[in-house]
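Student: give me the fold of what follows.
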Amino acid sequence: MWYTHVMASLTTGFTAPPKEERTPSSQAVVIATTTTGSLLAANAARTAAYIQNRGNRDVFVAYGATATAATGVLIPGGGTFFEENYTGEFSVLADQGSQDVFVAEFI
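Tutor: Numbers count the residues shown, from 1 in each chain. This is a model prediction of the structure:
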């Protein structure tokens with residue numbers, strides 16, 4: 001099946017430490033609104049970040065200080081996003097109203 005090949009290519013070069021060795025150094029719930037806000041500050045020691053949209057509407061997460069619907073990563077309601085080896089700032093934007101977004105940073 002085609003998805004087997006896609007999944008294999010997505011995991012090629014995966015260098016994350018084993019899951020049992022990962023402990024979040026910080027965890028928080030941020031309220032995303034229709035105005036771009038900071039989700040996670042830059043941190044040179046960060047190895048990974050986990051983001052979960054706990055709301056029921058879309059949010060957009062961007063690398064850097066200005067999340068927009070056009071430039072952000074779409075995380076649908078209930079969806080998650082995991083990023084490794086990016087140490088810069090993350091910003092967030094809700095498409096409507098306000099949405100709770102959980103974020104954990106791994107060092």
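
Student: ok, which stretches of the chain are helices?
Tutor: 2-11 (DSSP state H).

Student: and the residue lying closest to G64 once chain neighbours are set aside, how many residues sit next to it?
Tutor: Residue nearest to G64 in three dimensions, not counting chain neighbours: E89, with 6.0 Å by Cβ to Cβ, 6 or more residues apart in numbering. Where C-beta positions appear, they are placed from N, C-alpha and C, glycine not excepted. E89 has 16 neighbours, counted by other Cβ atoms under 10 Å.

Student: what's near enough to touch E89?
Tutor: Going by Cβ atoms under 8 Å, 6 or more residues apart in numbering, E89 touches 38, 40-42, 63-65.

Student: most neighbours of all these, which one?
Tutor: Counting neighbours by other Cβ under 10 Å, the top entry in the contacts of E89 is L40, with 23 neighbours.

Student: any regions of this protein where pLDDT drops low?
Tutor: Counting by pLDDT under 70, the chain shows low-confidence ranges at 1-22.

Student: repeat that with 90
Tutor: 1-26, 107 (pLDDT under 90).

Student: in it, which spans are strands?
Tutor: Assigned strands in the chain, in chain order: 24-32, 37-40, 48-53, 59-63, 73-75, 80-84, 90-94, 99-106 (criterion: DSSP state E).

Student: highest average neighbour count across those?
Tutor: Between the strands of the chain, the one whose residues have the most neighbours on average, counting mean count of other Cβ atoms under 10 Å, is strand 90-94 (a mean of 24).

Student: in the sheet, which strands lie alongside that one, parallel or antiparallel?
Tutor: Strand 90-94 sits in its sheet next to strand 37-40 (antiparallel), strand 59-63 (antiparallel), going by DSSP bridges.
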